[in-house]
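pasting the sequence and the predicted model now:
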Amino acid sequence: MKRKLFVAVMCAAMVAGTVAAPAAVKAESKGLIGVAMPTQDLQRWNQDGENMKKELEAKGYEVDLQFAGNEVATQVSQIENMIANGDQLLVIASIEGDSLGTVLAQAKEAGIPVIAYDRLIMNTDAVSYYATFDNYLVGKTQGQFIADALDLENQDGPFNLELVTGDPGDNNVNFFFGGAMDVLQPYIDAGKLVVPSGQVTKDEVATAAWATETAQARFENILSSYYADGTNLDAVLASNDSTALGVENALAANYTGEYPLITGQDCDIANMPNIIDGKQAMSVFKDTRALASKVVEMVDAIMQGGEAPVNDEETYDNGTGVIPSYLCEPIAVTVDNYKELLIDSGYYTEDQLQ
Ligand code: BGC
């Protein structure tokens with residue numbers, strides 16, 4: 001531990017009266033916490049990172065916050081540096097759930113606890129806790145929204161549906177897509193929902209890196225191949241807002257039929273005008289302030305030598321066993337409740353959504 005060694009040497013020197021206390025060493029700091037976020041390209045990770053930093057600092061911790069530009073190798077080397085710098089606990093939102101085993105073995109070896117943030121880190125026994133939103137409920141909420149809006153219990157349809165999910169390396173996708181399909185698949189089996197593109201498996205509907213442009217390109221292909229003859233598109237399950245935006249961009253340029261229902265997640269500022277204009281039927285609000293506060297509570301408990309608060313000890317098995325988790329609650333947002341949920345709660349200002 002370079003940092004510990006440095007502190008020990010400095011302390012000895014100060015006791016010996018040879019060195020004045022350096023300004024950078026905060027005597028009152030409760031510890032150094034590494035926060036590794038995947039990318040600054042998407043709105044939410046900037047918010048998550050900033051919230052974590054602000055709240056941890058308010059509790060007296062020093063924070064080493066890093067963003068990895070969606071590059072797995074960058075994230076691995078950032079975590080290596082955190083370990084070498086003597087970070088005492090790591091909070092990590094992974095880019096690819098399966099790629100951190102080797103570096104986290106080093107963290108475990110050094111006795112550094114790890115909290116998986118939002119995305120579960122797979123196949124390593126170095127993860128102590130997981131904090132996220134109820135990802136299965138996110139997917140179910142999206143699927144149920146489509147089922148209710150098309151009144152699938154009572155209508156025969158058939159209605160045309162297309163499916164778009166996120167990065168296949170993100171374990172959350174299994175829950176988002178799985179939760180939505182648990183609602184929608186029975187209607188597909190009953191013939192009430194039809195997927196004209198025939199693209200229905202997780203791999204067929206995935207979007208690498210959750211990128212808007214990738215979702216848009218795939219959707220442009222779908223529109224020109226299956227809807228150019230005037231076939232109506234009734235609904236699109238999009239797992240989050242960045243992919244929903246790709247679908248909306250593709251529709252704007254290539255589709256003249258009756259506008260479909262589109263789902264999303266995150267209530268990104270970029271999507272809010274479409275929600276307000278009725279071009280995106282819903283999004284799922286995940287209050288990143290609530291997640292950050294919970295994780296700070298968990299960090300504080302662990303740093304004091306205690307156990308972190310959890311509310312789920314059965315859902316999230318990372319391949320080495322179930323990881324004790326805290327699940328925050330996701331909430332469906334539409335044009336009817338966005339003001340109350342997003343503006344009155346202070347998440348956004350009215351100006352940001354103009
Ligand atoms: C998060 C979503 C986000 C997506 C893309 C997922 O792991 O849970 O909130 O939209 O990643 O960044």
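Happy to help now that I have it.

looking at the protein, what residue ends up closest to the ligand?
When scored by C-beta to the nearest ligand atom, the chain has N240 as its residue closest to the ligand, at 3.5 Å. C-beta: built from backbone N, CA, C; applies to glycine.

just the pLDDT at that residue, thanks.
What the model reports for N240 is a pLDDT of 98.

report the contact partners of it.
By C-beta atoms under 8 Å, 6 or more residues apart in numbering, N240 lies in contact with 166, 176, 210, 264-266.

what's the answer for N249, then?
Contacts of N249 by C-beta under 8 Å, 6+ apart are 212, 216.

same check, this time on R289
51, 347.

for the record, mean pLDDT for the helix or strand encompassing it?
Element membership of R289 [criterion: DSSP states H and E] is helix 288-303. Mean pLDDT, helix 288-303: 96.

next one: stretch 143-162
Regarding stretch 143-162, the rounded mean pLDDT is 97.

how far does it stretch from start to finish?
12 Å (C-alpha to C-alpha, to the nearest Å).

and that stretch, which residues are buried?
Neighbour-count burial for stretch 143-162, counted by 16 or more other C-beta atoms under 10 Å, picks out 143-147, 149-150, 152, 157, 159-162.

dump these to TSV, plus secondary structure.
Formatted as TSV, the buried residues of stretch 143-162 follow (DSSP: H, G, I helix; E, B strand; the rest coil):
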residue	secondary structure
G143	helix
Q144	helix
F145	helix
I146	helix
A147	helix
A149	helix
L150	coil
L152	coil
G157	coil
F159	strand
N160	strand
L161	strand
E162	strand
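
which of those sit farthest apart?
The span of these, defined through C-beta to C-beta, is set by Q144 and N160 at 18.7 Å.

low-scoring stretches of the chain, by residue?
Low-confidence segments of the chain (pLDDT under 70): 1-27.

returning to what we had before: can I get the buried residues of stretch 143-162 in TSV with distance to the ligand?
What follows is the buried residues of stretch 143-162, written out as TSV (distance: C-beta to the nearest ligand atom, whole Å):
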residue	distance to the ligand
G143	16
Q144	18
F145	17
I146	18
A147	22
A149	21
L150	24
L152	26
G157	29
F159	26
N160	25
L161	21
E162	19
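
reformat these as CSV; add distance to E340.
Converted to CSV, the buried residues of stretch 143-162 look like this (distance: C-beta to C-beta, whole Å):
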residue, distance to E340
G143, 24
Q144, 20
F145, 18
I146, 23
A147, 24
A149, 20
L150, 25
L152, 28
G157, 33
F159, 30
N160, 33
L161, 29
E162, 31
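
of the residues you listed, closest to D170?
Nearest to D170 among the buried residues of stretch 143-162 is G143, at 18.4 Å by C-beta to C-beta.

report the separation between that closest one and A332.
When distance is defined by C-beta to C-beta, to the nearest Å, G143 is 11 Å away from A332.
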